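>>> Need coordinates for the below:
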Amino acid sequence: MRIVLLLVACGVAASLAAAQYPNDVSPDYIRENLAKIPAQDPAPTAAPAVVETMRGRHPRLLLTAEEAARLKAAAIADPLLKPVYEASVVFAKRFSLGGAHPLPHVLGDTPAITNSAQRAPEAVLGYLFERDPVALKALTAALEALLQEEHWALVKELDSNMGAACNMLMAGLLFDAVHDDLDPAFRARVAQRLLVHARRMYWLGHKGLCTMPIKYWQQDPQPNHRWYRAAGLAACVLAIADEPGCDTAFLREQLKQEMDFIVQWLPKDGDCHEGAAYQLFGFQLLVHAASMMDRVLGTEYLKKPGFARSAMQQVYYRAPGRAGNMSFGDDMNGEYLYGTNDAAFFLCPRLTRDPDLQDALLERVESFGQAYHNRVAPQQKRTIIPPWSMLLFYDPSVPRGDRRKLPTARLFADLGAASMRDSWDASAVALTFKCGPIGGYRLNEYAWAHKDEKGEPHYINVAHDDSDANSFALAMDGELLFHPGLYSFTKITAHQSSITVDGVGQLCEGVDYTQPAPGGVDMRTLSYLTAWKRDEQGRVVIEGEAAPVYRGMGFFAIKERQKGRPATDTAPEVKPIPGLPDPVLTRFRRTAVWMPGEYILLLDDIVAAGQREITWRGTVAKAFFDDPANGRCHIGTTGGKRVDMQMLADRPFTGAIDFMLLDGRWGNQLQHQFQFTARSDAVRFACMLDPWKRKLRMLLEPAGKGLVLRITGEGVDDAWTWQPAPDAHAPSALACRRGGGVLLELTAQDRAPHGD
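Predicted structure coming up:
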């Protein structure tokens, strides 16, 4: 996770043969930074001790020797784990960092992430299973290679970037695994280097002494880059916590404070405000850090609910019939092979003993792996086996239940988001909806709990969030219909299926890495859910309010405005915020109604401060008009899917189909976009989607201050009364009558929670 300007290159050249230091990391720069590290650490006040059962004992970070023996026996007996065990044993014997000196660094600001964080634990497990002398030699050679490197990240963020953390994790795990088999003198040398790099990470990184001006990960507890550093620091410190000649007391104390801080602010759902892809990227490293701390220092981090529930975001934001997501934020929403990070979520059923979640995760293994590979690369005749991390996290003693017993809709209250589907089959229809504050509630709570001397919130890293309040996405049977978006470097609301006003989106738009709202505004007041209701038949009503986030200017334009101008109360429901332009909307209430097996409604109640051009936007693979006079159109896909759609409004509006290029970090996609525009001071749009092919029609009729929607089709004859919300926070009044009775009703008692 990075903030603006982090794209300044900080990769490391593969060779220093030309005696040139990369990225202006000169000898003077190195000396300047290393001089900032104290000669010795302060005396601790409450250093945690190594628990008695682990004192002087190795291995202990991933597994003890006894645990490795039990895991080996369980893996050999389990058809899913046996090939993983066999592959780890082979890999341990050929593990190598290569023969180059200095070691090649890869992936820009995250050097060596591929070889260290992703593969070193596999080599460690393979060695612990068999204690093969060839593997011992390979792992020892890797430690020897690391000793030859003065710096484990020769970049501007010297020895304290995420790549350094990955190398530290590798070094700590390797040392712990072979500790008892090393020559004592060599063991002492490696232990001292682990201490050196732990101190560099702490002082230059966590204490922010590094000269690099962009302190992008130290600002709050949730950046996954911080979690990588926690894992690297924990591996080095805990591997040598009781090693002779290594005084780690202060570092143990600071490491525990760091982990206390991170876990304290972890949402109870363990979800990620940056979306499913970034949750996937960071979760395993946080688990490594917490697990090592629990094992060696006796903490109980893994008992916190955020660890046990985290898999739900992965399960519910998976697109039906696809090996990939339909998520928000910086997510390419493509398809991929099942990997190391995916398997870490097996921790959740391991902790909860939930058989139905176990089944959902096993189905991911099966469909993301061999089946997907066979489909996309049939010419490559190779066997795909699950990743090594299955050995650590998958517990075959948890019985396999039935994912179909999981609820088909789930609210993620911290995110202000929800996911709904009509079944857990690959052919399912799924809808997602989001109207939460950028960063989520827990992170914003942290920001306001740590205000600065001016009373403004602490900076929080929301780089990978989007300006996407009141947005939705739709997928079915292997394809994306209303597209959830890509990992964009031009984050604008117009890409989302939401609205723009006078062509402008929400106030944080227009930044490659999103920044918090300017002006010291509480982002929890800008966009939030107002209602959530789910009945026993799986029907859902979810509603959001996003008027305050529409200011008629993007992020940079607002930053350049003169501060302190008088505020005028032009919006009775939305109070002006000092330092920001007044809202251009006084209401943007979007209500999504999920009637599984029947239809979907999207109801927008929009009131503007004066005449505005209000444009409803829906980004789809292919858009078609069928009967424009009656608002009838349909969505198509490259695979031949079709979903009929009807759009009506209580004010005159025009419809258009335009191209929309979704830019992505790893590739662009050219989409179509429905654009329905009303030039008015208020409009209510009603959109009906017919993914279950019920041949539906919708009529819109005035009824006092409200509207009546009549929906008819095969097996459907409904009348919805729709009344405006009485204020900016109460739910709208919405009721569906069918067959003479009330089928579903939204009332004042159905307020959505704000945070978990």
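
>>> what about the protein, any weak spots by pLDDT?
Low-confidence regions of the chain, defined by pLDDT under 70, span residues 1-23, 104-117, 561-576.

>>> for it, what's the longest helix?
When the chain is parsed with DSSP state H, its longest helix is helix 276-297.

>>> Can you show me the CA trace of stretch 352-372 as CSV?
What follows is the C-alpha trace of stretch 352-372 in CSV, where atoms were taken according to Å, rounded to 0.1, in the frame of the first residue of the first chain:
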residue,chain,number,x,y,z
THR,A,352,-13.8,-22.2,14.2
ARG,A,353,-14.2,-25.9,13.2
ASP,A,354,-16.8,-24.7,10.7
PRO,A,355,-17.4,-27.6,8.2
ASP,A,356,-19.4,-25.5,5.7
LEU,A,357,-16.7,-22.9,5.5
GLN,A,358,-14.1,-25.7,5.1
ASP,A,359,-16.2,-27.0,2.1
ALA,A,360,-16.3,-23.5,0.6
LEU,A,361,-12.5,-23.1,0.8
LEU,A,362,-11.9,-26.7,-0.5
GLU,A,363,-14.1,-25.9,-3.5
ARG,A,364,-11.8,-22.9,-4.2
VAL,A,365,-8.8,-25.2,-4.2
GLU,A,366,-10.5,-27.5,-6.7
SER,A,367,-11.9,-24.9,-9.1
PHE,A,368,-9.0,-22.4,-9.0
GLY,A,369,-6.3,-25.1,-9.5
GLN,A,370,-6.2,-28.0,-11.9
ALA,A,371,-9.7,-27.4,-13.5
TYR,A,372,-8.9,-23.8,-14.2
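
>>> Touching, A235 and N167? I think so.
No - the pair formed by A235 and N167 falls short of the contact definition of CB atoms under 8 Å, at 10.0 Å. Just so you know, the C-beta spots here come from the backbone N, C-alpha and C atoms, and that holds for glycine as well.

>>> Need the residues touching each of these two.
Taking CB atoms under 8 Å, 6 or more residues apart in numbering as the contact rule, A235 and N167 have no neighbour in common.

>>> chain center to stretch 244-263: distance?
On the basis of CA atoms, centre = their mean, to the nearest Å, the separation between the geometric centre of stretch 244-263 and that of its chain is 27 Å.

>>> Contacts made by it with the rest, please.
The set of residues that contact stretch 244-263 without belonging to it, under CB under 8 Å, 6+ apart, is 40-48, 188, 191-192, 194-195, 198-199, 202, 206, 221-222, 226-227, 230, 233-234, 237-238, 240-241, 286, 289-290, 293, 297, 299, 301, 304, 306.

>>> Mind listing what's buried along it?
Buried residues in stretch 244-263, defined by neighbour count with 16 or more other CB atoms under 10 Å: 246, 248-256, 258-259, 262-263.

>>> Any idea how far apart the tips of stretch 529-543 sit?
Stretch 529-543 has an end-to-end distance of 6 Å (CA to CA, to the nearest Å).

>>> what's the spacing between that stretch and its chain's center?
For stretch 529-543, the distance between its averaged C-alpha position and the chain's averaged C-alpha position is 24 Å (CA atoms, centre = their mean).

>>> related to what we said a few turns ago, following the chain past the longest helix of the chain, name the next helix or strand.
Where DSSP states H and E defines the elements, the next helix or strand beyond helix 276-297 is helix 305-309.

>>> Against which helices or strands is that next one packed?
Under the contact criterion of 3 or more CB pairs under 8 Å, 6 or more residues apart in numbering; DSSP states H and E, the helices and strands touching helix 305-309 comprise helix 347-352.

>>> for C210, helix, strand, or coil?
Secondary structure for C210, judged by DSSP: H, G, I helix; E, B strand; the rest coil, is coil.

>>> Could you pull out the strands in the stretch 451-600 of the chain for me?
Assignment of strands within the stretch 451-600 of the chain using DSSP state E, counting those that start in this stretch yields the ranges 471-476, 479-480, 499-501, 528-534, 540-545, 585-595, 599-620.

>>> Just put those in a markdown table and tack on mean neighbour count and distance to V365.
Rendered in a markdown table, the data for these read as follows (neighbours: other CB atoms under 10 Å; distance: least, CB to CB, whole Å):
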| stretch | mean neighbour count | distance to V365 |
| --- | --- | --- |
| strand 471-476 | 26 | 21 |
| strand 479-480 | 22 | 22 |
| strand 499-501 | 24 | 40 |
| strand 528-534 | 23 | 29 |
| strand 540-545 | 27 | 29 |
| strand 585-595 | 24 | 29 |
| strand 599-620 | 22 | 31 |
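
>>> In a markdown table, list those strands along with distance to K491.
Putting those into a markdown table (distance: least, CB to CB, whole Å) gives the following:
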| stretch | distance to K491 |
| --- | --- |
| strand 471-476 | 12 |
| strand 479-480 | 19 |
| strand 499-501 | 14 |
| strand 528-534 | 20 |
| strand 540-545 | 19 |
| strand 585-595 | 19 |
| strand 599-620 | 14 |
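
>>> mind listing what Q313 touches?
When contacts are counted by CB under 8 Å, 6+ apart, Q313 touches 269-272, 276, 279, 412.

>>> Can you flag which of the residues you listed belong to helices?
276, 279.

>>> so which of the contacts of Q313 comes closest to A557?
Within the contacts of Q313, distances to A557 taken as CB to CB reach their minimum at C272, with 29.2 Å.
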